[in-house]
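Peer 1: sequence first, predicted coordinates after that:
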There are 2 protein chains.
Amino acid sequence: MAVEVKCPYKLYDEVVLFNGKWMQARQIRFRTADGTEGVWQSAHRNTRPAGASADGVSIIGVLRRADKKFIVLVKQYRIPLGKFCLEFPAAEQAALRELKEETGYTASRVISTSESCGLDPGLTDDSVNLVMVEIDGDAPENVNPSQKLDSTESIDVILLEHDQLLNYVRNAGKDVVVEACLYAYAMGTQFAQMA
Amino acid sequence: MAVEVKCPYKLYDEVVLFNGKWMQARQIRFRTADGTEGVWQSAHRNTRPAGASADGVSIIGVLRRADKKFIVLVKQYRIPLGKFCLEFPAAEQAALRELKEETGYTASRVISTSESCGLDPGLTDDSVNLVMVEIDGDAPENVNPSQKLDSTESIDVILLEHDQLLNYVRNAGKDVVVEACLYAYAMGTQFAQMA
């Protein structure tokens, strides 16, 4: 399925507009095959760990407890949004250890993992691996989970019955933004129920 | 479900680091309740249309043809990634008209629409409405659809049997990045099939 594809633009005159500790803004000029010229400005993280395939990991944690399925979400204040955001738990590198630190839950196995995905490909190369994991909600370590957060982190953990997910994100309220990935995941579960 | 929630940080000393035609980079300082101080750098679009609730629209186009369900995707070169990206078709404002321009397909109805969702809430307030639409694949206007692209656009349309979606995004290949929303949607359809 992997077909070699070439950039349809001539790219030139790339400049770094701003280079900070955590992020960089860049601009590049492009010319299309028919000679139309344009400019593209973009944002890039300066923080990707050496050797990492993506800038972060988002964890889709499916918890099974007493024959029901739940999903583990987090809600935290996001400074770029100026609002609280409902999201999949995130990790920087060691997904399962960081899931435990951020949410308290211990995953028992990885169900599937994506390649590096683009979070916002029109604006940035910021990227994420989506990792779906199973959590045994009846295991002793998952009955009263407790987070281990850094002093700058303030993260609420939300355990939601999986069947309620789409309804929940739809009604998250005006003060809470839902992460697009999470909303799209919920819509995927909805599709599967369509006739 | 909407509970009033307050920012857990004291935010101060916001500065615009770079202000371009299309995007802005900003920095703000924050102090947590326990006195820990930090800095957050973020990217913001300067292009949101007046009155729009989000910066763009992503369209989940479910096409029905001869009792089968398909999904309409696009592949285009994304300058911020330096790679081709497989994505939901995007629109800026008039979702259904722009779906037709970008992909050639005419939607017959909107199945559901999200609120404004955060594409990459740790980095930016760039946002999207996810709109799921139905396309009658047997209607005459959808048999030989043709795109109407701007001169700077180069977009391949991919019509995929919906059941094959997860397999397709998993095997998109090294030269193609999959948009995180699309991958998460595919994982949502997978979840729905889990025992």
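Peer 2: Alright, I've got the coordinates.
Peer 1: what about the residue sitting nearest the centre point of chain A, distance to chain B?
Peer 2: Against the mean C-alpha coordinate of chain A, by C-alpha atoms, centre = their mean, the closest residue is residue A:58 at 4.3 Å. Distance of residue A:58 to chain B, given as C-beta to the nearest C-beta, to the nearest Å: 8 Å. To be clear about C-beta, it is placed using only N, CA and C from the backbone, and glycine gets the same treatment.
Peer 1: quick one: the helices in chain A, in order.
Peer 2: A:95-103, A:165-170, A:180-193 (DSSP state H).
Peer 1: so for chain B, which of those sits nearest?
Peer 2: Among those, the nearest to chain B by C-beta to the nearest C-beta is helix A:180-193 (2.2 Å).
Peer 1: run the chain-centre distance for the closest one.
Peer 2: Centre-to-centre, helix A:180-193 and its host chain are 14 Å apart (C-alpha atoms, centre = their mean, to the nearest Å).
Peer 1: quick one, it and helix B:180-193 angle?
Peer 2: 40 degrees (axes from the mean of the first three to the mean of the last three C-alpha atoms, to 10 degrees).
Peer 1: may I have helix A:180-193 exported as PDB, CA atoms only?
Peer 2: C-alpha atoms of helix A:180-193 as PDB (Å, rounded to 0.1, in the frame of the first residue of the first chain):
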ATOM      1  CA  ALA A 180     -10.600  16.300  18.800                       C
ATOM      2  CA  CYS A 181      -9.000  12.800  18.900                       C
ATOM      3  CA  LEU A 182     -11.300  11.800  21.700                       C
ATOM      4  CA  TYR A 183     -14.400  13.200  20.000                       C
ATOM      5  CA  ALA A 184     -13.500  11.400  16.800                       C
ATOM      6  CA  TYR A 185     -12.900   8.100  18.700                       C
ATOM      7  CA  ALA A 186     -16.400   8.500  20.200                       C
ATOM      8  CA  MET A 187     -17.800   9.100  16.700                       C
ATOM      9  CA  GLY A 188     -16.100   5.900  15.600                       C
ATOM     10  CA  THR A 189     -17.900   3.900  18.200                       C
ATOM     11  CA  GLN A 190     -21.100   5.600  17.100                       C
ATOM     12  CA  PHE A 191     -20.500   4.700  13.400                       C
ATOM     13  CA  ALA A 192     -20.100   1.100  14.400                       C
ATOM     14  CA  GLN A 193     -23.700   1.100  15.800                       C
END
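Peer 1: and it, what does it pack against?
Peer 2: Packed against helix A:180-193, as judged by 3 or more C-beta pairs under 8 Å, 6 or more residues apart in numbering or on different chains; DSSP states H and E, are the following elements: strand A:83-87, helix A:165-170, strand B:56-65, strand B:107-118, strand B:127-136, helix B:180-193.
Peer 1: and those, which one averages the lowest pLDDT?
Peer 2: Confidence, taken as mean pLDDT, is least for helix B:180-193 of these (a mean of 91).
Peer 1: any buried residues in that helix, and which?
Peer 2: Residues B:180, B:181, B:182, B:183, B:184, B:185, B:186, B:187, B:188, B:189, B:190, B:191 are the ones in helix B:180-193 that count as buried (16 or more other C-beta atoms under 10 Å in any protein chain shown).
Peer 1: hang on, the earlier thing: the helices of chain A: which one's closest to residue A:35?
Peer 2: helix A:180-193 (34.9 Å; C-beta to C-beta).
Peer 1: the closest one vs strand B:107-118, what angle?
Peer 2: Using the same axes, to 10 degrees: helix A:180-193 against strand B:107-118 is 150 degrees.
Peer 1: what residues does helix A:180-193 touch?
Peer 2: By C-beta atoms under 8 Å, 6 or more residues apart in numbering or on different chains, the residues outside helix A:180-193 that reach it are A:58, A:60, A:73, A:86-88, A:119, A:128, A:130, A:162, A:165-166, A:169, B:58, B:60, B:62, B:112, B:114, B:117-119, B:127-128, B:130, B:132, B:162, B:180-182, B:184-193.
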